[in-house]
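Next input, structure requested:
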Amino acid sequence: MSDNEAKSMSIIVTKGSLDWAYPPFILGTTAAAMGLNVTMFFTFYGLTLLKKELNLGLTTLGNPAMEMPMMGGHMAMPNIISALPGAGALTTTMMKNLMKKKGVASIEELRELAVEAEVDLIACQMTIDLFEYKTEDMIDGITLGGAASYIEVATKSDINLFI
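Take a look at the predicted model:
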């Protein structure tokens with residue numbers, strides 16, 4: 001299949017926490033590996049996923065679906081526990097350890113894969129300006145663009161995802 005005939009997918013990435021980082025990177029890199037032309041548009045809090053230095057945490061507070069495998073079962077995280085000081089750091093560490101134990105690639109590894117697979121990683125210029133980020137703080141291999149850049153891609157894409 002030539003590039004003109006290849007299917008395409010666009011993903012808007014709006015969240016920058018550990019649990020919200022995995023879906024767009026896994027879907028984007030998998031689609032690229034399957035031969036799709038993939039564009040990922042990082043805006044608002046999702047833009048932090050393009051920073052060279054990542055310090056990702058879990059979104060435990062207000063997430064009633066969060067269950068961790070423990071002692072042969074699954075333990076839900078009560079909201080009251082999530083509000084305690086240090087609970088976010090603890091659950092983030094637990095999740096990172098679980099992912100490492102299960103052989104799940106890190107976000108840094110998935111990002112590298114996306115760059116190697118020539119996924120078009122667009123950093124939202126408006127968000128960079130709004131939050132006063134510096135492009136030198138971002139990973140290599142990204143492009144800058146705005147809403148019009150994304151819409152141009154999305155109108156031609158076979159699949160559009162909002163994550």
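
For residue 31, which residues are in contact?
Taking CB atoms under 8 Å, 6 or more residues apart in numbering as the criterion, residue 31 is in contact with 9, 38, 159. Where you see a C-beta, it was placed from the backbone N, CA and C, and this is true even at glycine.

Give me the distance between it and residue 45.
In this structure, residue 31 lies at 23 Å from residue 45, with CB to CB, to the nearest Å as the measure.

List just the nearest of the contacts of residue 31 to residue 143.
Lowest distance from residue 143 to the contacts of residue 31 (CB to CB) belongs to residue 38, with 13.2 Å.

Break the chain into its domains for me.
Listed domain ranges for the chain are 8-56+105-162, 67-101 (source: automatic domain parsing).

Among the contacts of residue 31, name the buried ones.
For these, a burial check counting by 16 or more other CB atoms under 10 Å picks out 9, 38.

still on that earlier bit, between the domains of the chain, which has the poorest average model confidence?
When those are ranked by mean pLDDT, domain 67-101 comes last with a mean of 67.

which residue ranges form the strands in this structure?
In order along the chain, the chain carries the following strands (DSSP state E): 8-13, 37-42, 67-70, 73-76, 120-124, 142-145, 159-162.

circling back to that earlier point, using JSON lines, please lay out the contacts of residue 31 together with distance to residue 98.
Compiled in JSON lines, the contacts of residue 31 are given as follows (distance: CB to CB, whole Å):
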{"residue": "9", "distance to residue 98": "28"}
{"residue": "38", "distance to residue 98": "27"}
{"residue": "159", "distance to residue 98": "30"}
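
burial measure for residue 112, as a count.
Taking other CB atoms under 10 Å as the neighbour definition, residue 112 ends up with a count of 15.

Residue 160: what's it in contact with?
Residues in contact with residue 160 (CB under 8 Å, 6+ apart) are 9, 10, 11, 12, 154.

Buried subset of those, written for ChimeraX?
Under the burial definition 16+ other CB under 10 Å, those of the contacts of residue 160 that qualify are selected in ChimeraX by:
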select :9,10,11,12,154
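
any idea how far residue 6 is from the most centrally placed residue in the chain?
For the chain, the residue whose C-alpha lies nearest the mean C-alpha position (CA atoms, centre = their mean) is residue 21; its distance is 2.8 Å. Here the distance between residue 21 and residue 6 works out to 26 Å (CB to CB).
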